[in-house]
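In: what follows is a predicted structure for the sequence shown.
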Amino acid sequence: MRTAAQAEMVLDENSEAEVVISYLSDLTQQAQAQQTEQQRILYHQGVLNLPKMVNDDLALAQEEVSCHCCL
């Protein structure tokens, strides 16, 4: 997802705004779905008394997508 957030079209100032906004909107939805899945996994790890394994890369990817959305 981080690679997708750095796609050439996102970083190119000549890209059509509507296309980039749509692309980033899709990435945001994907990030939210992955966050929901991570929360589900963490819940089940807790129920099973397993060590909780947090995906730090997911947080970084979500932050990068959010930064691009704010531009």
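Out: Right, received. Where do you want to start? These figures come from a predicted structure and were not determined experimentally. Numbering: from 1, shown residues only.
In: list the buried residues of the longest helix that the chain contains.
Out: In terms of residue count, the longest helix belonging to the chain (DSSP state H) is helix 17-47. Residues 20, 23-24, 27-28, 31 are the ones in helix 17-47 that count as buried (16 or more other Cβ atoms under 10 Å). For glycine as for every other residue, the C-beta is placed from the backbone atoms N, C-alpha and C.
In: identify the farthest-apart pair in those residues.
Out: 20 and 31 (16.0 Å; Cβ to Cβ).
In: low pLDDT regions in this protein?
Out: 1-2, 68, 70-71 (pLDDT under 70).
In: the same query, at a cut-off of 50, please.
Out: By pLDDT under 50, the chain contains no weakly predicted segment.
In: pipe the buried residues of helix 17-47 into TSV and attach distance to residue 42 per row.
Out: Listed next are these as TSV, based on distance: Cβ to Cβ, whole Å:
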residue	distance to residue 42
20	32
23	29
24	26
27	22
28	21
31	16
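In: of those, which is the nearest to residue 67?
Out: Once Cβ to Cβ is applied, the member of the buried residues of helix 17-47 that ends up nearest residue 67 is residue 24, at 10.2 Å.
In: wait, residue 35 sits on residue 55?
Out: No. Contact between residue 35 and residue 55 fails when scored by Cβ atoms under 8 Å: they sit 9.5 Å apart.
In: need the overlap of contacts for those two.
Out: Common contact partners of residue 35 and residue 55 (Cβ atoms under 8 Å, 6 or more residues apart in numbering): none.
In: residue at max distance from the center of the protein?
Out: residue 49 (27.5 Å; Cα atoms, centre = their mean).
In: which strand or helix spans that residue?
Out: Of the helices and strands defined by DSSP states H and E, none includes residue 49.
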